[in-house]
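S.K.: structure for the following, please:
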Amino acid sequence: MATNKKVALVTGASAGIGKAIVRQLLSDGWVVYGAARRTDKMEDIAKEGAKTLALEWGGQGIRVNAVSPGGMDTNMIAEYQGEEAAARQRAGAVQSVLRRVAQPEEVAAAFAFLASDDGSYVTGTNLIVDGGVTAGVPPAR
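M.R.: Numbers count the residues shown, from 1 in each chain. Alright, predicted model coming up:
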């Protein structure tokens with residue numbers, strides 16, 4: 001299917017029909033933005049999408065990568081869900097091996113690395129920037 005580089009936003013992209021739509025559109029050459037409540041499953045989608053597009057565009061010198069951030073210390077949760085919810089998120093940082101949430105600048109640095117000359121040989125990967133959450137639950141201190 002010729003798409004002329006169309007863009008799609010798929011909600012519910014981590015499972016079921018949404019995941020199938022993302023896979024189909026990626027294989028057809030679309031640029032796909034996925035949204036879902038299950039961030040753990042979205043990491044698989046991001047990894048798959050980066051690999052698919054890297055294979056398609058790599059021969060043209062185009063690098064494609066994804067970044068899957070974990071919890072971040074922004075004011076968004078406080079603005080939309082209240083300060084109590086924001087405090088719960090910060091307290092939940094104990095799930096991180098580093099025992100804290102990321103600063104937005106730390107995640108931005110990961111993007112910058114992938115886009116820079118220092119990342120010129122990196123393509124088709126999903127860089128997980130979650131303070132070690134996906135590595136497992138850290139031992140109690």
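S.K.: regarding V64, what is its secondary structure?
M.R.: Counting by DSSP: H, G, I helix; E, B strand; the rest coil, the backbone at V64 sits in coil.
S.K.: and it, how many neighbours?
M.R.: The number of residues packed near V64 is 19, by other Cβ atoms under 10 Å. Where you see a C-beta, it was placed from the backbone N, CA and C, and this is true even at glycine.
S.K.: what about it, distance to R99?
M.R.: 32 Å (Cβ to Cβ, to the nearest Å).
S.K.: E56 too?
M.R.: E56 is 40 Å from R99, where distance means Cβ to Cβ.
S.K.: what's the answer for K6, then?
M.R.: 43 Å.
S.K.: now for the protein, the helix or strand with the poorest mean pLDDT.
M.R.: helix 76-81 (a mean of 73; mean pLDDT, DSSP states H and E).
S.K.: let's see the next helix or strand after that helix as PDB, backbone CA atoms only.
M.R.: Next in sequence after helix 76-81, counting helices and strands by DSSP states H and E, comes helix 83-91. Output in PDB follows, covering the C-alpha atoms of helix 83-91 (Å, rounded to 0.1, in the frame of the first residue of the first chain):
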ATOM      1  CA  GLU A  83      -0.200  17.500  44.300                       C
ATOM      2  CA  GLU A  84      -1.100  14.400  46.200                       C
ATOM      3  CA  ALA A  85      -0.800  12.300  43.100                       C
ATOM      4  CA  ALA A  86       2.500  13.900  42.300                       C
ATOM      5  CA  ALA A  87       3.800  13.100  45.700                       C
ATOM      6  CA  ARG A  88       2.700   9.400  45.200                       C
ATOM      7  CA  GLN A  89       4.700   9.300  41.900                       C
ATOM      8  CA  ARG A  90       7.800  10.600  43.600                       C
ATOM      9  CA  ALA A  91       7.300   8.100  46.500                       C
END
